[in-house]
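Chemist: after the sequence you'll find the predicted model.
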Amino acid sequence: MASADDYYARLQVSPDASQAEIKAAFRRLARRYHPDLNPNDPRALEKFRALHEAYEVLTDQVQRQRYDHTGTTEYSGTRPQPAHDFYLRGIQQTLARRYKGALADFDRAIELQPNLAEAYLRRAQVRYLLEDDAGVLADCQRLLQLSQLPQTYYYLGLARYRLGYTESAIAAFTEAIAHEPDDPQAYFQRGIAHADVQDWDEAANDFQIASMHYQSQGDLEGYNRSCDRIRILRQQRRSKLGTTAVNRVKPWGRLGRLNRLLFGLLGNPAVQLPALYGQLNQRQALRTGCFLAMLGLGGFTLGGYVYVIQLANIANPEAALGPGATLGRLWLSGCATFFSLIIILAFSRLWLRRHGTWASDTFIAGATLFPTGMFTLVSPMALPLPWLWVLLFCIALHHTFLTLYSGCHQIHHYPEVVATWLTPSFLFTCCTAGYVAWHAWG
């Protein structure tokens with residue numbers, strides 16, 4: 001049996017406490033010992049981790065059963081191993097982020113005990129981390145036949161949303177909330193899905209409820225994340241209302257819309273890019289992407305022409321390639337960069353099985369080239385001041401990277417880690433295509 005200082009004592013509940021009592025006790029104590037709420041207490045983090053460990057064990061049926069009988073959740077290591085041992089080892093593998101090993105253990109546990117619902121749920125969690133969304137759907141469907149574990153609908157919604165089935169993802173998150181009305185994660189994810197279909201009121205309501213639950217549970221990180229989402233929604237709604245008003249007033253009001261488009265992307269692409277895309281249908285997104293690409297390519301061609309002349313110190317450009325040839329090479333190089341980026345985005349989207357269209361690829365590619373074109377246009381004027389040139393270059397590079405990352409993560413819904421690593425790879429590949437096109441001229 002467990003010692004006196006056991007998990008039940010940590011949570012201040014009795015050994016026969018129900019799941020609801022354990023959850024309520026954890027949330028009450030978490031608010032008291034959460035590290036963010038106790039910055040001056042060096043022992044707060046240790047206490048919070050101890051509480052979280054006890055909560056994770058006692059809210060898992062298999063782990064709690066093993067703990068009640070042996071006082072530990074460690075697998076026995078004997079042969080032959082029962083299904084519960086593989087299941088417990090899979091949890092330890094998951095905590096150590098050895099996901100492939102955890103997946104093998106959960107597979108073995110299910111093979112030994114096909115009706116072990118908890119193993120299906122844990123395997124769905126690992127499969128989601130490994131981006132096997134089809135496997136997550138299969139495990140969740142099997143879980144619905146075996147048991148009504150509350151998190152089944154949550155992972156079902158996550159997989160559906162990442163596959164692009166937004167409406168059915170909303171339905172799954174709604175079911176998850178019906179089973180656990182105080183789970184902030186389900187509200188938060190449903191808010192993201194509502195925002196994706198431009199249901200602003202429902203999204204704002206979900207983020208508001210999520211922030212309340214996060215705050216009541218002492219999770220300041222989740223609370224701040226929900227508040228950030230609410231602020232982004234307000235900006236999107238103001239942009240939407242502003243766009244509608246512009247369409248109703250005088251024709252010269254379109255200049256204000258163009259001003260918000262260009263300076264919004266140059267000012268804060270991480271927020272403005274998904275907000276702008278959410279206001280457009282597919283035809284408008286395609287046109288906007290082409291318009292931004294034309295501006296970027298125009299700036300790159302004109303600025304690059306002057307830049308080449310200044311760097312080469314050519315007094316008479318016609319003596320070299322001629323102005324037409326130089327402009328043609330620059331334009332061809334820029335077009336090669338633009339179209340190669342569209343193709344790469346499309347192939348990556350298909351490879352990662354993300355929902356999207358050629359219009360969204362074009363929109364992201366055009367927005368990505370826009371800051372680079374503007375930098376190339378103004379860079380010749382900054383050459384006499386090297387520090388100013390370097391500053392403008394760093395700003396352009398930052399905005400180009402951030403725009404492409406935001407498009408991959410917030411429009412195509414790539415995972416953060418995947419978008420972080422793919423963005424520089426995409427940029428390098430596109431620059432290589434432009435470089436090859438430049439040298440292929442003539």
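Modeler: Yes, it's here.
Chemist: can you get me a residue count around residue 147?
Modeler: 15 (other Cβ atoms under 10 Å). Using the backbone N, CA and C atoms, a C-beta is placed for each residue, glycine as well.
Chemist: please apply the same query to residue 177.
Modeler: Neighbour tally, residue 177, other Cβ under 10 Å: 22.
Chemist: residues contacting the residue lying closest to it once chain neighbours are set aside?
Modeler: Of all residues not flanking residue 177 in the chain, residue 186 sits nearest, at 4.8 Å (Cβ to Cβ, 6 or more residues apart in numbering). Contacts for residue 186 (Cβ atoms under 8 Å, 6 or more residues apart in numbering) come out as 153, 154, 157, 173, 176, 177, 180.
Chemist: just the buried residues of those residues.
Modeler: The neighbour count (16 or more other Cβ atoms under 10 Å) marks 153, 154, 157, 173, 176, 177 as buried among the contacts of residue 186.
Chemist: average pLDDT across the helix or strand the last one falls within?
Modeler: So the one you mean is residue 177. Here residue 177, judged by DSSP states H and E, is contained in helix 166-179. Averaged across helix 166-179, pLDDT comes to 90.
Chemist: what do you get for stretch 424-434?
Modeler: Average pLDDT, stretch 424-434: 88.
Chemist: helix or strand next in line after the helix holding residue 177, which one?
Modeler: By DSSP H and E, the next helix or strand past helix 166-179 is helix 184-196.
Chemist: can you list the buried residues in stretch 88-95?
Modeler: Buried residues in stretch 88-95 (16+ other Cβ under 10 Å): 88, 89, 90, 91, 93, 94.
Chemist: ok, the second one touching residue 107?
Modeler: No - in terms of Cβ atoms under 8 Å, residue 89 does not count as a neighbour of residue 107; the distance is 12.0 Å.
Chemist: longest helix in this structure, please.
Modeler: Identified as the longest helix of the chain according to DSSP state H is helix 282-312.
Chemist: list the helices and strands that one packs on?
Modeler: helix 254-267, helix 323-351, helix 358-382 (3 or more Cβ pairs under 8 Å, 6 or more residues apart in numbering; DSSP states H and E).
Chemist: please point out which parts of it sit buried.
Modeler: Residues of helix 282-312 classed as buried by neighbour count (16+ other Cβ under 10 Å): 285-293, 295-305, 307-309.
Chemist: how about stretch 142-154?
Modeler: When neighbours are counted by 16+ other Cβ under 10 Å, the buried residues of stretch 142-154 are found to be 142, 143, 144, 149, 150, 151, 152, 153, 154.
Chemist: and the closest residue to residue 352 other than its chain neighbours, what is it in contact with?
Modeler: Nearest residue to residue 352 in three dimensions, chain neighbours excluded: residue 414, at 6.3 Å (Cβ to Cβ, 6+ apart). Applying Cβ under 8 Å, 6+ apart to residue 414 gives the contacts 348, 352, 354, 408, 422.
Chemist: could you count how many residues lie near the fourth one?
Modeler: For residue 408, the count of nearby residues is 26 (other Cβ under 10 Å).
Chemist: swap in residue 134?
Modeler: With other Cβ under 10 Å as criterion, residue 134 counts 11.
Chemist: chain center to the helix or strand hosting it, what's the gap?
Modeler: Assigned by DSSP H and E, residue 134 belongs to helix 133-146. On the basis of Cα atoms, centre = their mean, to the nearest Å, helix 133-146 sits 23 Å off its chain's mean C-alpha point.
Chemist: got a list of contacts for that helix?
Modeler: Contacts for helix 133-146 (Cβ under 8 Å, 6+ apart): 115, 117, 120-121, 123-124, 127-128, 149, 152-153, 155-156, 158-160, 162-163, 353.
Chemist: just the angle for the next helix or strand after that helix relative to helix 133-146, thanks.
Modeler: Following helix 133-146 in sequence order, the next helix or strand is helix 151-162 (DSSP H and E). Going by axes from the mean of the first three to the mean of the last three Cα atoms, to 10 degrees, helix 151-162 is angled at 150 degrees with respect to helix 133-146.
Chemist: which other helices and strands does helix 151-162 contact?
Modeler: Packed next to helix 151-162, using 3+ Cβ pairs under 8 Å, 6+ apart, are helix 117-129, helix 133-146, helix 166-179, helix 184-196.
Chemist: extract the C-alpha set from it and format it as CSV.
Modeler: This file holds the C-alpha atoms of helix 151-162, laid out as CSV (Å, rounded to 0.1, in the frame of the first residue of the first chain):
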residue,chain,number,x,y,z
GLN,A,151,-10.7,13.7,-23.8
THR,A,152,-11.7,11.5,-26.7
TYR,A,153,-13.7,14.3,-28.3
TYR,A,154,-10.9,16.8,-27.6
TYR,A,155,-8.3,14.8,-29.6
LEU,A,156,-11.0,14.0,-32.2
GLY,A,157,-11.5,17.8,-32.7
LEU,A,158,-7.7,18.5,-32.8
ALA,A,159,-7.2,15.9,-35.6
ARG,A,160,-10.3,17.1,-37.6
TYR,A,161,-9.2,20.7,-37.4
ARG,A,162,-5.6,20.0,-38.5
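Chemist: mind listing the helices for the stretch 1-150 of the chain?
Modeler: 7-11, 19-33, 44-58, 61-70, 83-95, 99-112, 117-129, 133-146 (DSSP state H, counting those that start in this stretch).
Chemist: out of those, flag the one nearest residue 401.
Modeler: Distance to residue 401, taken as Cβ to Cβ, is lowest for helix 117-129 among these, at 25.5 Å.
Chemist: what's the mean pLDDT across that closest one?
Modeler: 88.
Chemist: contacting residues around that helix?
Modeler: Contacts for helix 117-129 (Cβ under 8 Å, 6+ apart): 60-62, 83, 87, 90-91, 94, 99, 102-103, 106-107, 109-110, 113, 133, 135-136, 139-140, 142-143, 146-147, 149, 151-152, 155, 158-159.
Chemist: try it again with 7 Å
Modeler: 60-62, 87, 90-91, 94, 99, 102-103, 106, 109-110, 135-136, 139-140, 142-143, 146-147, 149, 151-152, 155, 158-159 (Cβ atoms under 7 Å, 6 or more residues apart in numbering).
Chemist: next, format the buried residues of stretch 88-95 as a markdown table and append distance to residue 328.
Modeler: Output for the buried residues of stretch 88-95, formatted as a markdown table (distance: Cβ to Cβ, whole Å):
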| residue | distance to residue 328 |
| --- | --- |
| 88 | 67 |
| 89 | 64 |
| 90 | 60 |
| 91 | 62 |
| 93 | 58 |
| 94 | 57 |
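Chemist: which residue is the nearest non-sequential neighbour of residue 376?
Modeler: The shortest distance from residue 376 to any residue other than its chain neighbours is 3.8 Å, reached at residue 303 (Cβ to Cβ, 6+ apart).
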